[in-house]
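S.K.: kindly return the folded structure for what I paste below:
(chains A and B)
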2 protein chains.
Amino acid sequence: MKKYDIDTPALLIDSAALHRNLDRMQRVAEGFGVRLRPHTKTHKSPHIARLQVEMGASGVTVAKVGEAEVMAEAGLDDILIANQVIGATKLRRLAALARHARIAVLVDSSEGIELLDAAFREAETGIDVLIEVDTGKGRCGLTDLEQIVALAEQVARAETLRLRGVETHEGHVPGGAHSEGQLEERATSAGRRLVEVADALRDRGHVVEDVSVGSTPAAPYTAVTPGVTEMRPGTYVFNDVNQMSIGQATPEDCALSVLATVISRPAPDRAVLDAGSKSLFAEPARRAFAYTDYDGFGYMRQAPAARIVTLNEEHGVVRIPPGTEFPAIGQQVEVIPNHVCPAVNLHEEFYLVDGEDVVEVWPIAARGKVR
Amino acid sequence: MKKYDIDTPALLIDSAALHRNLDRMQRVAEGFGVRLRPHTKTHKSPHIARLQVEMGASGVTVAKVGEAEVMAEAGLDDILIANQVIGATKLRRLAALARHARIAVLVDSSEGIELLDAAFREAETGIDVLIEVDTGKGRCGLTDLEQIVALAEQVARAETLRLRGVETHEGHVPGGAHSEGQLEERATSAGRRLVEVADALRDRGHVVEDVSVGSTPAAPYTAVTPGVTEMRPGTYVFNDVNQMSIGQATPEDCALSVLATVISRPAPDRAVLDAGSKSLFAEPARRAFAYTDYDGFGYMRQAPAARIVTLNEEHGVVRIPPGTEFPAIGQQVEVIPNHVCPAVNLHEEFYLVDGEDVVEVWPIAARGKVR
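M.R.: From the prediction side, this is the model:
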């Protein structure tokens, strides 16, 4: 099968770019002397997770219990659920998982620890936890050291829980960064703060094995701080327009595109694609320092000067600048999504391509696992 | 099973509100003397499509061939694919469908008509088409009457095609409308333009059976124009924050909510839900005349004064105003999405509830049908 025989919209993975990206981040982690535990939310594919482990990853990260179930079923046996797991049904599923694989979850509240310990006592098994630390993102996680210490003590007292370490998601790092210097400053400050917290817990007698940072945009900087032991980037496997916007990827580094077909050319300056927000996800491009003028809903490889100005569910409306060539009705374009993770979640399979040839089709097995 | 036993995030349908909404729109259509052909992209569920037909709908509308396949398989036998269908694989699937059900598609280009006719000649079958007219949205569809006439003539000459009518999607109607008057003016102008086009084609000897308008926000106005024969609203089955923003729904009219759990309370003014953009879809609320101050990513029934200020994939970050009560960790909230259609597309099933009881679980069978 050739690439242009694929019914659209469809997700294409450029096999060579994928392997280059996997190799590059493994070498970044080894250069820093930290373990790589990639976040699989980007690809949701056991095929790619296994490639990551084969190339040296120490385990994988997931966002939901349902994603952990898919990965464990596929043989991935060291899984961090980088999220608070709250709710009776989910805790029963978590306990079932923890009997068959090395699983850890995050905690950031006394109530959460109580619910977790109660569920695991009922299930008569145990689990590792990492305390989530907020290093600036303002989402989950605690900032105050005394509160963090109190949680560590509560974990130490809990019959079924073992403190494995501390964790942060420095997802705020690229937010509105206007220079590489600003990115670096935010990322290193997040890493330093997490190490400080780990050391303070050790001073109080706790064993802190993992000091775990996240996030692809911050990856080249956060793990610089001595004391960080693990990094959890996700997006690097594919890259996207957001990674381009902060100068960390070129279109050639983007391994994933949405293959779309031109379905309408109603005016000379307008084309319509069969890929809308149900295929590309309607997230505006991050406006950062490298591609500050880039304001479309995805980067079209065959027409980088044109812009996807509007996304409806099944339509991508393209504005074509005067004098620019654009594919005709029935022709295809490859669109790099602004944010690749939620775009992948909308599809059922990847078409792995080598040049013009489709070499494999991989199901996106952990797609849509909201629970 | 009780509502609060459902693992979250999950889609709840309030059965009574759903039935009220279905009944109300059927009566609107009957009041105008037009056929109701609801757009099933909102619910993607053959269960609800069958309810709509039982209550008087003349058939259904879908956006993609894959959605038509699901509906036809479930016994819905009169289906309009309100889209251009372009691409060899899709056209073969379309021809297979057209052998077993009454199917129509849109056309808006000479190339599209040629490709369609060629595919149907090869398949040795035929299909009805509607010419898509742009009445202001600026997406697909033609505005120029002479171009529209030329397409009608091309259809008349095509061996396998039959002109059934003209179609518009007046999706621009609510866009930035600052008053109900503005909404009404745009909607009636779209309806009048479509009837004008239909009459012009009839003057030239074409039979124009269907004069078909779309869109829930415009539904109370577009079909007012004598000569409109069919309306295709979708969102009305559930309603959403966008419908609230233009004064066409109250929270009680909203039949669908995303049930979410509070997973973190890291600061007095902040809570985090286990529903993010993978459950709610990250579409900002429309800012129109009824709820102009509403700027969150969904309306929380249990805490309408609080705001979901940030959506990441698996986290909804809530800002809680000082002095406002908010549910504790482990408690649940029901969130009305800003735009219900793309939110539904992210889930696998509906939980139909009557008060506190779950009465049925319906699969969202046409979910994720991007092709």
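
S.K.: chain center to the longest helix seen in chain A, what's the gap?
M.R.: Longest among the helix segments of chain A by residue count, using DSSP state H, is helix A:180-203. Offset of helix A:180-203 from its chain centre (Cα atoms, centre = their mean, to the nearest Å): 20 Å.

S.K.: and the helix or strand following that helix, average pLDDT?
M.R.: Using DSSP states H and E, the next helix or strand after helix A:180-203 towards the C-terminus is strand A:210-214. Averaging pLDDT along strand A:210-214 yields 97.

S.K.: can you check stretch A:161-172 too?
M.R.: Mean predicted confidence for stretch A:161-172 is 96.

S.K.: least trustworthy helix or strand in chain A by mean pLDDT?
M.R.: None of the helices or strands of chain A scores lower by mean pLDDT, DSSP states H and E than helix A:219-222, at a mean of 92.

S.K.: same for the next helix or strand along the chain from that one, what does it pack against?
M.R.: Note on helix A:219-222: by DSSP H and E, the next helix or strand toward the C-terminus is strand A:230-232. Counting contacts by 3 or more Cβ pairs under 8 Å, 6 or more residues apart in numbering or on different chains; DSSP states H and E, strand A:230-232 packs against helix A:15-32, strand A:35-36, strand A:210-214. (Each C-beta comes from the backbone N, C-alpha and C, glycine too.)

S.K.: and the helices in chain A?
M.R.: For chain A, helices defined by DSSP H occupy the ranges A:15-32, A:46-54, A:65-73, A:88-98, A:110-123, A:145-157, A:180-203, A:219-222, A:241-245, A:277-280, A:340-344.

S.K.: would JSON lines of those with distance to chain B be doable?
M.R.: Converted to JSON lines, those look like this (distance: least, Cβ to the nearest Cβ, whole Å):
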{"stretch": "helix A:15-32", "distance to chain B": "20"}
{"stretch": "helix A:46-54", "distance to chain B": "17"}
{"stretch": "helix A:65-73", "distance to chain B": "9"}
{"stretch": "helix A:88-98", "distance to chain B": "4"}
{"stretch": "helix A:110-123", "distance to chain B": "4"}
{"stretch": "helix A:145-157", "distance to chain B": "9"}
{"stretch": "helix A:180-203", "distance to chain B": "14"}
{"stretch": "helix A:219-222", "distance to chain B": "18"}
{"stretch": "helix A:241-245", "distance to chain B": "13"}
{"stretch": "helix A:277-280", "distance to chain B": "5"}
{"stretch": "helix A:340-344", "distance to chain B": "6"}
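
S.K.: and the most centrally placed residue in chain A, how close does it get to residue A:218?
M.R.: When chain A is reduced to its mean C-alpha position, the nearest residue by Cα atoms, centre = their mean turns out to be residue A:234, at 3.5 Å. Residue A:234 sits 12 Å away from residue A:218, going by Cβ to Cβ, to the nearest Å.

S.K.: same question for residue A:335.
M.R.: Using Cβ to Cβ, one gets 26 Å for the distance from residue A:335 to residue A:218.

S.K.: stretch A:259-272 near chain B at all?
M.R.: Yes. Using Cβ under 8 Å from any Cβ of the partner chain, stretch A:259-272 comes into contact with chain B via A:261, A:262, A:263, A:264, A:265, A:266, A:270, A:272.
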